[in-house]
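Sequence first, then the predicted structure:
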Amino acid sequence: MQLHDLAPAPGSTRARKRVGRGHASGTGKTSGRGYNGQKSRAGGAKSNGFEGGQTPLARRLPKLPGFRNINRVQYTAVNIDRLDALFNNGDVVDADALVNKGVIKNNSVLVKILGNGTLTKNITVKVDKVSASAAEKISAAGGKVEAPC
């Protein structure tokens, strides 16, 4: 076999369409573009989003205000009254305990204890953050707040 013997497989290639070469070719006269109109002209293909000269939608809509802080830390809020309902005297409230009680989905989420409600049990809290009012109520009930707060 030599280089001049190489050829594509039969039926795998097709001849180029030669437009504007007479009526008998099937693509004569208008060259397959139909009659008048913007798309029949040379250079008539317009870009995506072109709306016939009308101001495009992307330019009619306003830009959104503000910005999104990429360093924002999101905490899952848990209130004191929820802890009072779920835990007993002397219990330790940490991420694992909250997962077991079904308060949070998994122990990788950050938790902050907020001071809404009343606390009647002495519990030890070991979560990521505790608000000042929640820490005050925990101490008043005989509990304590420990690290990693």
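Structure received.

and the longest helix along the chain, what's its mean pLDDT?
As assigned by DSSP state H, the longest helix anywhere in the chain is helix 132-140. For helix 132-140, mean pLDDT rounds to 94.

residue ranges with poor pLDDT in the chain?
149 (pLDDT under 70).

in it, which spans are helices?
57-60, 80-86, 95-100, 132-140.

give me the number of residues near S131?
16 (other CB atoms under 10 Å). C-beta coordinates here come from the backbone N, C-alpha and C atoms, glycine included.

er, L6 I mean
For L6, using other CB under 10 Å, the count is 7.

sorry, back to before: quick one: distance of the longest helix of the chain to the chain centre.
Centroid separation between helix 132-140 and its chain, computed with CA atoms, centre = their mean, to the nearest Å, is 37 Å.

go on, stretch 27-47?
Relative to the mean C-alpha coordinate of its chain, stretch 27-47 is positioned 42 Å out (CA atoms, centre = their mean).

buried sites along it?
The neighbour-count check on stretch 27-47 (16 or more other CB atoms under 10 Å) flags R33 as buried.

N69 is nearest to which of the helices of the chain?
For N69, the closest of these is helix 132-140, at 23.5 Å, according to CB to CB.

Could you pull out the buried residues of the closest one?
Per 16+ other CB under 10 Å, helix 132-140 contains these buried residues: A134, A135, K137, I138.

Surely the second one touches V145?
Yes. A contact is recorded between A135 and V145 when judged using CB atoms under 8 Å, the distance being 5.0 Å.

Any idea how far apart the tips of stretch 12-32 sit?
24 Å (CA to CA, to the nearest Å).

And the strands in this structure?
Remark: strands assigned in the chain by DSSP state E are 75-79, 92-93, 110-114, 124-125, 129-130, 144-145.

other SSEs contacting the second one?
By that I understand strand 92-93. Packed against strand 92-93 by the contact rule (3 or more CB pairs under 8 Å, 6 or more residues apart in numbering; DSSP states H and E) you find strand 124-125.
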